[in-house]
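1. build me a model from this:
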Amino acid sequence: MPLPLKTERLIIRPYRDDDATALHDVFGSSDVMRWTPSPPSRDVAETTQRLARTMAFTARQPSGLGLWALELNEPTDFLGQVGLFPVEGKGPDVEVAYELAPRVWGHGYATEAARALIDYGFRELALPRVVALILPDNARSRNVAAKCGMSLEGPGRFYGLDLLVYSRRSALG
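-> A predicted model of the protein is given here:
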């Protein structure tokens, strides 16, 4: 992916080693992590380890896929993590993901970032379809998927969880 990817308000960029403290607002938050298959980090040291694993995961992905930092353009402010990657690390479907610090919820950042990633996946990576895998009770995330033009397909089991599958197909496919 030619990072950074920029939208009107946001920057999607590769992680840096010094992102761990800011990322702890996401990985250390029980409000965020309750919607993921991972428990919250206990401290910044644990978040630092998770960040290293996340960066290694991205390095192993096919070109243009991975997990990245999300920042506000001006003033620069770390907002969270977003990504476009093979479901369960193996595909064939590609998942769009967004995990933002609770202090920035409700400003449309997740929707803006997810739209940019989905558009990038279709335009630059020629993906035929992108999915979002969401816990049924996560109304905020379901709303983001709907605003991104994704449709509810139904239930599915991924990452050891019962999730809802939202998807959007490329207009070219």
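2. what about G91, which SS state?
-> In three-state terms, and counting by DSSP: H, G, I helix; E, B strand; the rest coil, G91 is coil.
3. now it: how far from W105?
-> 29 Å (CB to CB, to the nearest Å). C-beta coordinates here come from the backbone N, C-alpha and C atoms, glycine included.
4. the two: who's more crowded?
-> W105 (15 against 12; other CB atoms under 10 Å).
5. what number of residues lie near the nearest residue to that one once chain neighbours are set aside?
-> Of all residues not flanking W105 in the chain, R140 sits nearest, at 6.9 Å (CB to CB, 6 or more residues apart in numbering). Close neighbours of R140, defined as other CB under 10 Å, add up to 13.
6. which parts of the helix or strand containing R140 are buried?
-> According to DSSP states H and E, R140 maps onto helix 139-147. In terms of neighbour count (16 or more other CB atoms under 10 Å), helix 139-147 has its buried residues at 141-142, 144-145.
7. take those and lay them out in CSV including pLDDT.
-> Formatted as CSV, the buried residues of helix 139-147 follow (pLDDT from 0 to 100):
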residue, pLDDT
S141, 97
R142, 97
V144, 98
A145, 98
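8. pick the one among those closest to R129.
-> Nearest to R129 out of the buried residues of helix 139-147 is A145 (CB to CB; 13.2 Å).
9. excluding chain neighbours, what is closest to the closest one?
-> Of all residues not flanking A145 in the chain, Y166 sits nearest, at 4.0 Å (CB to CB, 6+ apart).
10. hey, what's the one you found bridged with?
-> When assigned by DSSP bridges, Y166 has beta-bridge partners A132, L152.
11. buried residues, stretch 129-138. List them.
-> Buried, per 16+ other CB under 10 Å, within stretch 129-138: 129-135, 138.
12. likewise stretch 83-90?
-> Residues of stretch 83-90 classed as buried: 83-85, 87 (neighbour count, 16+ other CB under 10 Å).
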